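> Predicted model and sequence below, questions to follow.
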Amino acid sequence: MMMNTAYRQKSLGILSVCLLMACFLFSCKKDTPDVPEKKNEKWRTEAKTDSLGNQYYVVNTMDNTLEIRVNNKDGKTIFSEVCPTIEASEIPESSGKLFIFLVAPSKYINANHATLSLRIVLDNLDIQEKHIQLLANIDLDSKKFYTKKYKVEEPLDWTYKVLDNQLVQWYGNGLLVREGTEKDLNRGGGNMGLGQRGTQLVCYERDFSIRYTKDIDASDAYYPSGNLWNIPINNYEYMLFLNDGYVGRMQIVTSVEDKWAGKKVVIWRDNLKETNNIPADYSIKITDYNVQNNVVSASYNIYDEKGQLKEKRIRKWSIGNGMPLGS
C-alpha cells in the first residue's frame with residue numbers, strides 16, 4: 001500500500017514538471033514573432049522597381065494562374081491580380097521564358113498609375129517567333145486593373161513594340177503604344193524613319209479604349225520616348241528636358257498628313273548653354289524640372305572644364321511661346 005502511494009506521488013510529481021514545461025514552451029512560442037507564410041507560387045520573375053521603391057513582379061501560382069503583384073519598399077504586398085486572359089496552357093514552365101518591362105509612374109502625370117508589359121515566349125528562346133505580349137495597367141490607389149493581350153504566331157500578327165522605350169505614360173493618364181504587325185514593327189531594325197511605315201501610334205485610356213490613333217508613315221516621324229524627361233501638356237504636345245541643358249516644347253509628328261498640315265516637331269526651344277553665354281569648355285546638367293500654371297521651370301548646375309561645380313541656377317519660360325520669365 002505504501003509502495004503504491006509513493007508511486008502515485010512520484011507520478012504526480014513528474015506530471016507536474018511536464019505540465020510546467022509545456023506551459024513554459026507554450027508561452028515562449030506565443031512570444032516568438034509569426035513567421036511569414038510562404039507565398040502560393042511555383043516561380044516568380046525578378047522585380048522591377050519604381051522611384052518610390054515599389055517592386056513589380058509576376059508569379060505562377062500553385063493554382064496555375066499568372067498573377068501580377070506589387071510590393072512596397074517595406075516588402076508588403078499592396079497589389080495582387082490574376083491576368084484573366086492568360087490561359088494555363090500559355091504559362092511557361094519557368095520564369096526564364098517571361099520578360100517584363102515597367103513603365104514607371106510619373107509624378108507629373110499620376111504617381112499611382114503604372115503599366116507592366118509581359119512577353120511570354122511560346123517556343124524556343126533562341127527563336128521566339130511565337131509569343132504573347134500583355135499590357136497591364138495598374139492603379140495602386142483604386143486597385144483597378146486592365147489588360148490587353150496580343151498573340152503572335154506568324155509575322156503578320158498584330159502586336160506592339162517594347163524596345164527603344166516605345167511605351168510612354170501620357171497626358172490624362174493615357175498610354176502611348178506603337179503597334180503594327182510583327183513584320184512591320186521590326187523592319188529596318190524597328191528604328192524611327194522609313195522602317196516604321198505600316199505601323200501606328202495608339203493612345204489608350206487606362207481601360208484600353210482608344211483615345212486616338214496616328215499613322216506612322218512620315219520619313220522623319222517623331223514622337224516621345226519613354227526614357228527621356230517628358231511632361232505632356234496636351235494630347236499631342238509635351239515639354240522635353242535633356243540632361244545637357246536642352247529644354248523644348250515638342251509636338252508629335254508621325255504622318256504625311258501631319259507634314260501637309262505644316263506641323264513642326266519643335267514649337268520652341270532653349271539651349272541653356274547658348275543662352276547663358278557659358279564658356280565652350282563648361283558643361284550644364286539639369287537637376288530638376290516642372291510645368292505649373294503655364295510656366296516651365298528648370299533647375300541646373302554649371303560645371304567648369306574640370307567638372308567642378310561653379311554655380312546653380314533656375315530658369316523659367318512661358319509655356320506658350322518660350323519667352324524667358326527670369327530666374
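Perfect, I can see it now.
> which residues in the stretch 51-200 of the chain form strands?
Taking DSSP state E, counting those that start in this stretch as the test, the strands found in the stretch 51-200 of the chain are 55-60, 66-71, 77-82, 98-103, 113-121, 131-139, 145-152, 158-160, 167-170, 174-181, 199-204.
> can I get those strands in JSON lines with distance to K214, mean pLDDT and mean neighbour count?
Where C-beta positions appear, they are placed from N, C-alpha and C, glycine not excepted. Conversion of the strands of the stretch 51-200 of the chain to JSON lines gives the following (distance: least, C-beta to C-beta, whole Å; pLDDT from 0 to 100; neighbours: other C-beta atoms under 10 Å):
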{"stretch": "strand 55-60", "distance to K214": "29", "mean pLDDT": "98", "mean neighbour count": "22"}
{"stretch": "strand 66-71", "distance to K214": "29", "mean pLDDT": "97", "mean neighbour count": "20"}
{"stretch": "strand 77-82", "distance to K214": "31", "mean pLDDT": "96", "mean neighbour count": "14"}
{"stretch": "strand 98-103", "distance to K214": "19", "mean pLDDT": "96", "mean neighbour count": "20"}
{"stretch": "strand 113-121", "distance to K214": "19", "mean pLDDT": "97", "mean neighbour count": "21"}
{"stretch": "strand 131-139", "distance to K214": "18", "mean pLDDT": "97", "mean neighbour count": "22"}
{"stretch": "strand 145-152", "distance to K214": "18", "mean pLDDT": "98", "mean neighbour count": "17"}
{"stretch": "strand 158-160", "distance to K214": "14", "mean pLDDT": "96", "mean neighbour count": "18"}
{"stretch": "strand 167-170", "distance to K214": "12", "mean pLDDT": "96", "mean neighbour count": "23"}
{"stretch": "strand 174-181", "distance to K214": "10", "mean pLDDT": "95", "mean neighbour count": "21"}
{"stretch": "strand 199-204", "distance to K214": "5", "mean pLDDT": "96", "mean neighbour count": "21"}
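> can I get these in TSV with distance to S225?
Listed next are the strands of the stretch 51-200 of the chain as TSV, based on distance: least, C-beta to C-beta, whole Å:
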stretch	distance to S225
strand 55-60	21
strand 66-71	25
strand 77-82	27
strand 98-103	12
strand 113-121	15
strand 131-139	18
strand 145-152	21
strand 158-160	15
strand 167-170	7
strand 174-181	10
strand 199-204	12
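> Just checking, which helix or strand of this structure averages the lowest pLDDT?
Per-element confidence for the chain was summarised using mean pLDDT, DSSP states H and E. The lowest value among helices and strands belongs to helix 2-31, with a mean of 43.
> that older thread, looking at the strands of the stretch 51-200 of the chain, which is nearest to L272?
The closest of the strands of the stretch 51-200 of the chain to L272 is strand 167-170. By C-beta to C-beta, the value is 24.4 Å.
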